[in-house]
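Colleague: just to be clear, the model below is a prediction. Sequence and coordinates:
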Amino acid sequence: MHFAAIDWFIVVAYLILSVAAGLLGKKYIANVSHYLVAGRELGMYAGIATLAATEIGTITFMYNGELGYKYGFAAFAAALISGLVMIVVGRTGLVVQRFRSLKLMTVPEYFERKYSRGLRLLAGILVATGGILNMGVFLKIEGEFLTIVSGIDSRYLVAVMTAILLLELVYTVVGGMMAVVITDFIQYAMLSVATILVSIYAVYHAGWGNIVAKVFSTMGSAGFDPIQNPKFGITFLIWQILLWFSIHTCWQTTAMRVFSTKSPEISKRVMTWTGFIYLGRGMLPMLWGAAALTLFGLGAIRNGVPLPVVNGQTLAPIDAMPAMLASILGPGVKGIVVAGMLAATMSVNSSYLLGWSAVISQDIILPIREQMGKPALSSRSQIFVNRLANLFVGLFLMFWGLYYTPPGAVYLYLNITGTIYLAGTFICVIGGLYWKRANTSGGYLAMLLGAAGAIIPFFFLHWSENITGLCAFGLATLGLVLGSLLGRRAPTSSTGVRLESTL
Amino acid sequence: MNYWLIFWTVSLVVAGVSFAVITGIVVVKGYRDLRLMFSRLAEQRTHDHE
């Protein structure tokens, strides 16, 4: 067991504080807008904290650590693109400013405003499916991280996963976005302290010069040059730029923060400053991965990189970083870091639970009810449906996370499952907001071709992630343009919202 | 390789420093934001009840 009594004390104290603070959120919920978008009262600094906490989880540290271990400094290109694109989105207000002006609660809701209710339903189904599959691998990987660092026997992995999920569900179901915003703030402070501490420890123990030398001796200049690295190259960089534009504008959990801000101007500022945090969100854990390669990269070569060996046991590359933390952190510091990582885990998972359950309730269940001619639900009933959807997503994650292991690098798996719906959604949103000719026929074609363009090449033709991603975005664009030019033209207002029903 | 190493070193320093500085500011001012948000929501609630 790696954990000392002081470490356990810190972790348990954090958990009690976090859940108690989350439950406080319940008393501020008067209607569904409070439950899903915090009454649109979020200020800039709290907005930055909740957006950063939502998109920085243990899963983020794990997949970025894996990239750093496998591809060295060349992997930094992905982190740089994610941060720079977010800064551009914030500075220009691309999509986010108009989204906030439209007072939406979910991304698919825009599809009904611009296109049709049917397309909202299709978008809702694709968004929920892609999002939940994407989140499906979180719990297992987070559980692995916690068991490795704390030294809990791996037989208890399922119990650790269940406990994490139950704690998140308790306050998310009860307090919705209010609870998530409060806990995100505490969790952001905790995870940031942990991130900074781990970065200092990793460089101190591995040595900057040793890290550079190990990456060079293992990968040569491909460990530094992303264009020369066979896994990356120009296609990867272009795909990443497109993907990050779509994530920062159309990813449900990110967009919910935009919808929750006080004004469109504040939403832009939140995006701009969080963009700088995104640089560290990617690069710092990648550095930890490269440090783990330096300390433990001693095993047999697989795919050009030595497998990590810790205490005579060979591990998977993704487990090298937590094994390094277990080895280099002392008592007390380890407790702070694990509490920080738990904070990261809980902030991401609670926001994702809320995000995907909001899509299920608002964009799938409610439109179907309306289509069937049933009366609109009261705000209280909508909150109840949201809570049920939350529980359903939680249960699904538990079982999917236990039985599914992603092939290849986790980062790329997450990118591809996200692309299934992001390609079509992003192209439809851009077309809907900035191109007057975009119409419902084009929207359907874009969503379907975007999803097919991600699923068929990757899962059936076994193309690389880069080419698959480009194919999905290319087909979605083609679908929107062709469908819109061939279909009936729909009159729209200057805000990109249709003026008459096109159902 | 040298140019890339210099580029990534500078990027890493910028990323690390921005992360630490923005976190410090956000933790202090974010707390004030949250208090303001909850007082406004409590006010709205009182108005709704009246």
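Modeller: Alright, I've got the coordinates.

Colleague: so which strand or helix has residue 18?
Modeller: Unless you meant another one, I'm taking chain A. Element membership for A:Ser18 (DSSP states H and E) is helix A:5-24.

Colleague: was after chain B, sorry
Modeller: According to DSSP H and E, B:Ser18 maps onto helix B:2-49.

Colleague: next: A:Pro306.
Modeller: strand A:305-310.

Colleague: so what strands line up beside that strand?
Modeller: According to DSSP bridges, strand A:305-310 has the following sheet partners: strand A:297-302 (antiparallel), strand A:313-314 (antiparallel).

Colleague: so can I have JSON lines of those strands showing mean neighbour count?
Modeller: Every residue, glycine included, has its C-beta placed from N, CA and C. As requested, the strands paired with strand A:305-310 are arranged in JSON lines below (neighbours: other Cβ atoms under 10 Å in any protein chain shown):
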{"stretch": "strand A:297-302", "mean neighbour count": "13"}
{"stretch": "strand A:313-314", "mean neighbour count": "12"}
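
Colleague: which residues does the closest residue to chain B within chain A contact?
Modeller: As assessed by Cβ to the nearest Cβ, chain B sits closest to A:Gly280 within chain A, at 3.1 Å. Residues counted as contacts of A:Gly280 (Cβ atoms under 8 Å, 6 or more residues apart in numbering or on different chains) are A:Thr195, B:Ala15, B:Gly16, B:Ser18, B:Phe19.

Colleague: once you drop chain neighbours, what's closest to it?
Modeller: B:Phe19 (3.1 Å; Cβ to Cβ, 6 or more residues apart in numbering or on different chains).

Colleague: thought that neighbour was touching A:Ser192?
Modeller: Yes - shown here, B:Phe19 and A:Ser192 form a contact pair, counting by Cβ atoms under 8 Å, at 7.2 Å.

Colleague: tally up the residues packed near the closest residue to A:Asp225 other than its chain neighbours, please.
Modeller: Leaving aside its chain neighbours, A:Asp225 sits nearest to B:Trp4 (5.1 Å; criterion: Cβ to Cβ, 6+ apart). A count of neighbours around B:Trp4, defined by other Cβ atoms under 10 Å in any protein chain shown, yields 19.

Colleague: tell me which of the strands paired with strand A:305-310 lies nearest to A:Phe399.
Modeller: strand A:313-314 (28.8 Å; Cβ to Cβ).

Colleague: re earlier: so the helix holding A:Ser18 versus helix B:2-49, what angle?
Modeller: If you take axes from the mean of the first three to the mean of the last three Cα atoms, to 10 degrees, helix A:5-24 sits at 40 degrees to helix B:2-49.

Colleague: which element follows helix A:5-24 toward the C-terminus?
Modeller: Counting by DSSP H and E, the next helix or strand C-terminal to helix A:5-24 is helix A:32-37.

Colleague: contact residues of the stretch 251-400 of chain A facing chain B?
Modeller: Applying Cβ under 8 Å from any Cβ of the partner chain, one finds that the stretch 251-400 of chain A approaches chain B through A:Trp273, A:Phe276, A:Ile277, A:Leu279, A:Gly280, A:Arg281, A:Gly282, A:Met283, A:Leu284, A:Leu287.

Colleague: list the contacts of the second one.
Modeller: A:Phe276 makes contact with A:Gly83, A:Ile87, B:Ala15, B:Ser18, B:Phe19, B:Ile22 under the criterion Cβ under 8 Å, 6+ apart.

Colleague: output the below-cut-off pLDDT ranges for chain B.
Modeller: Flagging of chain B using pLDDT under 70 yields the residue ranges B:1, B:48-50.

Colleague: what sits against residue 38?
Modeller: This is for chain A. A:Met177, A:Met178, A:Val181, A:Ser260, B:Met37.

Colleague: not quite, I wanted chain B
Modeller: A:Tyr28.

Colleague: for A:Met178, see how far away it is.
Modeller: Counting by Cβ to Cβ, to the nearest Å, the gap from B:Phe38 to A:Met178 is 9 Å.

Colleague: so what's in contact with these two at the same time?
Modeller: Counting by Cβ under 8 Å, 6+ apart, the residues touching both B:Phe38 and A:Met178 are A:Tyr28.

Colleague: tell me what angle the helix or strand containing A:Met161 forms with helix A:5-24.
Modeller: Per DSSP H and E, A:Met161 falls inside helix A:157-206. Helix A:157-206 runs at 120 degrees relative to helix A:5-24, counting by the same axes, to 10 degrees.
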